[in-house]
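Undergrad: Return atomic coordinates for the entry below.
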Amino acid sequence: MKGKRKILVAMSGGVDSSVAAAVLLDKGYEVVGVTMKLWGGTSDTGCCSVSDVIDARRVADQLGIQHHVFNFGDEFDTHVVDPYVEAHKVGATPNPCIECNRHVKFDKLFRRATALGFELIATGHHAQIIQQPEGFRLSRSVDLRKDQSYVLHMLSEKQLARLQLPIGNLTKDQVREIAASLSLQTAGKADSQDVCFISRTKGGRQRFLEQHMTMTPGQVVDSEGNSISNVPAVQMVTIGQRKGLGISGEGEPRYAVDVNVESATVTVGPKSDLYYDETPITDIQWIGEPITDALDIQTSAHGHTARAKIADKICWEKPHKKVASGQSAVFYEEGTVVGSGIVSKL
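TA: Down below sits the predicted model:
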């Protein structure tokens, strides 16, 4: 009799990965759970806290499967935390979850799984893998409200061929119903959408960056270069920000429309100054042949898509809000990832 197929399930301690393990167990796989310990500092959010490891282990016990903890802290610091800090030094805004997926969860974990004899890996991400004539492709989740294909867009066909996403065809409500029916420890656990190494209770992003870099005081200027006020840290100002800029609330609202760390200036203007017909982009990569027709473009993990064509830049069909440099732009055709790039500074 042929043995069961072994699969290593990344269990973050949340309800999604808990149900992913349960679904695969029900399908007859030999399931082994693993929780990656990534961040060694203070954490009270995301998927790196001590309580998350405990929750994952308890769910594994409930399901009757083995559970292990892999310490990938060094890789996480090198490929996620350090680049995050370096990007902020020059005024860029990276997405650390994408880099974690790229270098740790779907690189280091894949290599460790291979060494341990696992052919397949699974996660609790809300996305789907489809097989087309030209190969495996990543597609959006059934539940578009929870879709996470954006942060998985960098996965190669070779990786997709070894990956299972068991809850991509389920809504979030269905996931919780399954967890509740099995009385899983994580059934009612709230979703986490924060950066796992940024503590909410210890000063947040600003406090974290202050501990890892020197902040640059700067001036706030209008579109003509006239000085209006000052800010204590240029690196902490984000495009579209309105509060905390020392600007009077009288008259037409003004927003941060540009942040220049090198010159230590923040330029403010009316909301209309935040919208552009084009967005510069670098590192364009296509999955298959380049597409010249209009596509759906997503430029943030929790954002909506907008229609645009891709040349050497993003050409929006309608004026689009300025995107912070360093963000990934992911291209979709009918819900399937067909390419990506990195937003650069205007």
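
Undergrad: Now do the strands in the stretch 201-346 of the chain.
TA: Counting by DSSP state E, counting those that start in this stretch, the stretch 201-346 of the chain has these strands, from start to end: 218-221, 227-231, 255-260, 265-269, 275-286, 295-298, 305-310, 313-321, 328-333, 336-343.

Undergrad: now for the ones you listed, which one comes closest to Ser139?
TA: Closest to Ser139 of the strands of the stretch 201-346 of the chain, according to C-beta to C-beta: strand 336-343, at 4.6 Å. Yep, even glycine has a C-beta here, placed from its N, CA and C like the rest.

Undergrad: for the record, mean pLDDT for that closest one?
TA: Average pLDDT, strand 336-343: 97.

Undergrad: sorry, back to before: nearest to Lys108, of the strands of the stretch 201-346 of the chain?
TA: strand 328-333 (20.2 Å).

Undergrad: what helices or strands is the closest one leaning on?
TA: Counting contacts by 3 or more C-beta pairs under 8 Å, 6 or more residues apart in numbering; DSSP states H and E, strand 328-333 is packed against strand 295-298, strand 336-343.

Undergrad: Name the residues that touch that strand?
TA: By C-beta atoms under 8 Å, 6 or more residues apart in numbering, the residues outside strand 328-333 that reach it are 95, 98, 140, 149-150, 153, 279, 281, 291, 295-299, 305, 310, 314, 323, 337-343.

Undergrad: redo that, cut-off 7 Å
TA: 95, 98, 150, 153, 281, 291, 295-299, 305, 310, 314, 337-343 (C-beta atoms under 7 Å, 6 or more residues apart in numbering).

Undergrad: what does stretch 173-180 give?
TA: With C-beta under 7 Å, 6+ apart as the contact definition, stretch 173-180 has outside contacts at Val15, Asp16, Ser18, Val19, Ala22, Ile167, Thr186, Ala187.

Undergrad: and the fifth one, that one's in a helix?
TA: Meaning Ala22. Yes - the assignment for Ala22 (DSSP: H, G, I helix; E, B strand; the rest coil) places it in a helix.

Undergrad: List the residues that contact it.
TA: Contacts of Ala22 (C-beta under 7 Å, 6+ apart): Leu63, Ile178, Leu182.

Undergrad: where does the protein have low pLDDT?
TA: 1-3, 40-49, 193-194, 201-203 (pLDDT under 70).

Undergrad: Tell me how it divides into domains.
TA: Here the domain parsing of the chain from automatic domain parsing is 6-181, 214-269, 273-343.

Undergrad: biggest helix in this protein, by residue count?
TA: Secondary structure of the chain per DSSP state H: the longest helix is helix 50-63.

Undergrad: Taking helix 50-63 as reference, get the angle to whichever helix or strand comes after it.
TA: Later in the chain than helix 50-63, the nearest helix or strand by DSSP states H and E is strand 66-71. Interaxial angle of strand 66-71 relative to helix 50-63 (axes from the mean of the first three to the mean of the last three C-alpha atoms, to 10 degrees): 160 degrees.

Undergrad: List of residues touching strand 66-71?
TA: Val32, Gly33, Val34, Thr35, Met36, Lys37, Val53, Ala56, Arg57, Ala60, Arg112.

Undergrad: Arrange those residues in JSON lines, one row each, with neighbour count and distance to Leu8 as further columns.
TA: JSON lines is the format used below for the contacts of strand 66-71 (neighbours: other C-beta atoms under 10 Å; distance: C-beta to C-beta, whole Å):
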{"residue": "Val32", "neighbour count": "19", "distance to Leu8": "5"}
{"residue": "Gly33", "neighbour count": "24", "distance to Leu8": "8"}
{"residue": "Val34", "neighbour count": "21", "distance to Leu8": "6"}
{"residue": "Thr35", "neighbour count": "24", "distance to Leu8": "11"}
{"residue": "Met36", "neighbour count": "26", "distance to Leu8": "11"}
{"residue": "Lys37", "neighbour count": "15", "distance to Leu8": "15"}
{"residue": "Val53", "neighbour count": "19", "distance to Leu8": "16"}
{"residue": "Ala56", "neighbour count": "28", "distance to Leu8": "13"}
{"residue": "Arg57", "neighbour count": "18", "distance to Leu8": "15"}
{"residue": "Ala60", "neighbour count": "23", "distance to Leu8": "12"}
{"residue": "Arg112", "neighbour count": "17", "distance to Leu8": "9"}
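
Undergrad: quick one, what contacts the residue most central in space within the chain?
TA: Residue closest to the mean C-alpha point of the chain, counted by C-alpha atoms, centre = their mean, is Cys97 at 3.8 Å. Cys97 makes contact with Val151, Ala301, according to C-beta under 7 Å, 6+ apart.

Undergrad: Next one: it from Arg307, what distance?
TA: When C-beta to C-beta, to the nearest Å is applied, the distance between Cys97 and Arg307 equals 25 Å.
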